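Student: what's the 3D shape of this:
(one chain, ligands or ions: 1)
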Amino acid sequence: MEIIKSAKQMQEISLSLRKLNDTVGFVPTMGYLHKGHVSLIENAKKDCSKVILSIFVNPTQFGDGEDYEKYPKDFDRDKKLAMAAGADYIFTPLVEEIYPAGFKASVKVRELDSVMCGSFRPGHFEGVCTVVAKFFNITLPHRAYFGLKDYQQYLIIKKMVADLNFPLRIVGCPIIREDDGVAMSSRNKYLSESERKNAVILVESIKLAASLIKNGFTNLEHIRDTVLEKFYSTPFVSKVEYFDFRDSETLEGISSINKHDFKGSGSDLLIACAVRIGSTRLIDNMIFDVSAII
Ligand code: PAF
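Tutor: Presented below is the predicted three-dimensional model:
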């Protein structure tokens, strides 16, 4: 496995891999790898002959007061995990390489970026799209792998790729969960032991909402109220930013369940939330085929 810091060198390598008829898989990350990232690399390795992993904590996707400065890092551990999972290259540029003085470009996917996480983290998805677009141009992948825990990010990147004609395929990979159901995240490291125990409330609330729908409740506003009560009676829950019911393709909000709205629409029901446990912001989601659950 090679470690590459220069964008130019990475692009030259990718060009020569393509000339050699290699299939290039790309896994973008901010490092501090966990089993979720490892599964992305493993999925990429199954489909592609060469896998490039990027490790870059992207400053432009963090807002004021967010955790850019303290984002966890452990490059030696990341290297071992990446190699064991099958990565061939780690692209880990410096911030000055990606954003040289005078950098002015940006990529924005309108509308999809203004709900859910987008309304609490203004500018976040523009930062994500800009760096991912840049990395696609540097790594020139045939396929790029994104975890579905960041479902809104996955949808926005897919839209960016379609709208801007990037010649590559976006592959969404399932959320990897701990034994108690908590979604794997680099930010779980910030949680104290008691906060970590209570973080299970995110996945449990989503399951509770789904079971209420399954049991015939159709008014999603009422279901949200029930779920919010449960959240706010859980120790360490300091804020529920959102607990949303949305169309899984358009991210339009849904206020009541009607089987016929989903039948044949190609869309499913997304239940997604962002919650602060202590001062740590966690997200989670699940997607349900409405015609199968009611
Ligand atoms: O999902 C992430 O870790 C980041 O948003 C990404 C895609 C690596 C862009 O910085």
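Student: Relative to Gln153, how far out is Asn285?
Tutor: Distance check for Asn285 against Gln153: by Cβ to Cβ, to the nearest Å, it reads 11 Å. Backbone N, C-alpha and C define where each C-beta goes, glycine included.
Student: same thing with Met30?
Tutor: Applying Cβ to Cβ, the value for Met30 to Gln153 is 12 Å.
Student: Quick one: residues contacting Lys108.
Tutor: Going by Cβ atoms under 8 Å, 6 or more residues apart in numbering, Lys108 touches 125-126, 129.
Student: Try it again at 6 Å.
Tutor: Taking Cβ atoms under 6 Å, 6 or more residues apart in numbering as the contact definition, Lys108 lies against Glu126.
Student: mind checking pLDDT for it?
Tutor: With respect to pLDDT, Lys108 scores 98.
Student: ok, it to Glu126 distance?
Tutor: Applying Cβ to Cβ to Lys108 and Glu126 gives a distance of 5 Å.
Student: same deal with Lys45?
Tutor: According to Cβ to Cβ, Lys45 and Glu126 sit 31 Å apart.
Student: now Ser194
Tutor: Going from Ser194 to Glu126 by Cβ to Cβ gives 36 Å.
Student: Between those two, which has more neighbouring residues?
Tutor: Neighbour comparison, Ser194 and Glu126: the larger count goes to Glu126, with 19 against 12 (by other Cβ atoms under 10 Å).
Student: check contacts around the more buried one.
Tutor: Contacts of Glu126 (Cβ under 6 Å, 6+ apart): 106, 108.
Student: would it count as being in a helix?
Tutor: Yes - according to DSSP: H, G, I helix; E, B strand; the rest coil, Glu126 belongs to a helix.
Student: Report the separation between it and Tyr154.
Tutor: Counting by Cβ to Cβ, the gap from Glu126 to Tyr154 is 16 Å.
Student: just Lys5 next, same as before
Tutor: With distances taken as Cβ to Cβ, Lys5 is found 27 Å from Tyr154.
Student: The two: which is more packed in?
Tutor: Tyr154 (18 against 12).
Student: buried set for the helix or strand containing that one?
Tutor: Using DSSP states H and E, the element containing Tyr154 is helix 151-163. Residues of helix 151-163 classed as buried by neighbour count (16 or more other Cβ atoms under 10 Å): 151-161.
Student: Residue in the stretch 51-200 of the chain with the shortest distance to the ligand?
Tutor: Ranking the residues of the stretch 51-200 of the chain by distance to the ligand (Cβ to the nearest ligand atom) places Asn58 first, at 3.9 Å.
Student: Look at that residue and report its pLDDT.
Tutor: Note for Asn58: predicted pLDDT of 98.
Student: Could you find the closest non-adjacent residue to it?
Tutor: Using Cβ to Cβ, 6 or more residues apart in numbering and skipping the chain neighbours, the partner closest in space to Asn58 is Val131 (4.4 Å).
Student: element containing the one you found?
Tutor: Val131 belongs to helix 124-139 when assigned by DSSP H and E.
Student: Give me the next element, helix or strand, following the host helix or strand of Leu212.
Tutor: Element membership for Leu212 (DSSP H and E) is helix 201-214. Of the helices and strands lying after helix 201-214 in sequence (DSSP H and E), the nearest is helix 220-232.
Student: Can you tell me how far the most centrally placed residue in the chain is from Lys197?
Tutor: What sits nearest the mean C-alpha location of the chain, by Cα atoms, centre = their mean, is Asp150, with 2.4 Å. Separation of Asp150 from Lys197 (Cβ to Cβ) stands at 24 Å.
Student: Let me see the mean pLDDT of stretch 120-136.
Tutor: Summarised as a single mean, pLDDT over stretch 120-136 is 98.
Student: Of all the residues in that stretch, which ones are buried?
Tutor: 121, 123-136.
Student: Quick check: which of those residues are also close to the ligand?
Tutor: 128, 131-132 (Cβ under 6 Å from any ligand atom).
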